[in-house]
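Peer 1: for reference, the sequence and a predicted model appear below.
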Amino acid sequence: PQRISTSEPPRPVVFVSLIAQRRMSIAPRYIKGAECGLCSLLETILGPLWVFLVYKETPPVFTLIGGCLLVSALALHEVAAARDEAETDDGDDAAAKAEMVRVEEEKGGEAC
């Protein structure tokens with residue numbers, strides 16, 4: 001078996017970590033602060049996952065339970081946000097259509 005030195009992390013892990021840190025520094029431009037905070041908690045889940053994948057160290061049961069809770073919270077948050085966005089889009093479309101009808105009626109009234 002290959003012996004892994006614990007003095008320095010494997011290169012792929014460092015590379016992935018750099019990409020993740022870069023994306024987390026850009027994320028606040030595009031998503032809300034609460035979503036950024038929830039996504040940063042993913043590091044808590046992904047850390048033990050990387051250790052498991054690279055060093056074959058099994059995470060404790062409570063770590064797995066906490067990870068499931070966090071992923072569930074993220075999933076529910078995204079589903080709720082998508083539902084709210086869909087509802088507001090429908091309302092915006094109806095309001096925009098009503099405004100277009102009103103403008104067309106005003107134009108039609110002026111032409112006569």
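Peer 2: Arrived safely, thanks for sending. Numbers count the residues shown, from 1 in each chain.

Peer 1: contacts, neighbours, all on C-alpha from now
Peer 2: OK.

Peer 1: any idea which helix is longest in the protein?
Peer 2: Secondary structure of the chain per DSSP state H: the longest helix is helix 61-111.

Peer 1: for it, name the packing helices and strands.
Peer 2: Packing partners of helix 61-111 (3 or more CA pairs under 8 Å, 6 or more residues apart in numbering; DSSP states H and E): helix 42-55.

Peer 1: buried ones in the helix it packs on?
Peer 2: Neighbour-count burial for helix 42-55, counted by 16 or more other CA atoms under 10 Å, picks out Ile45, Pro48, Leu49.

Peer 1: excluding chain neighbours, what is closest to Ala27?
Peer 2: In space, Ala27 comes closest to Cys36 once its chain neighbours are excluded; the distance is 6.8 Å by CA to CA, 6 or more residues apart in numbering.

Peer 1: and the one you found, how far is that from Glu43?
Peer 2: As judged by CA to CA, to the nearest Å, Cys36 and Glu43 stand 12 Å apart.

Peer 1: again, but for Leu74
Peer 2: 13 Å.

Peer 1: and what of Phe52?
Peer 2: With distances taken as CA to CA, Phe52 is found 14 Å from Glu43.

Peer 1: tell me, what's touching those two both at once?
Peer 2: Residues touching both Phe52 and Glu43 (CA atoms under 8 Å, 6 or more residues apart in numbering): none.
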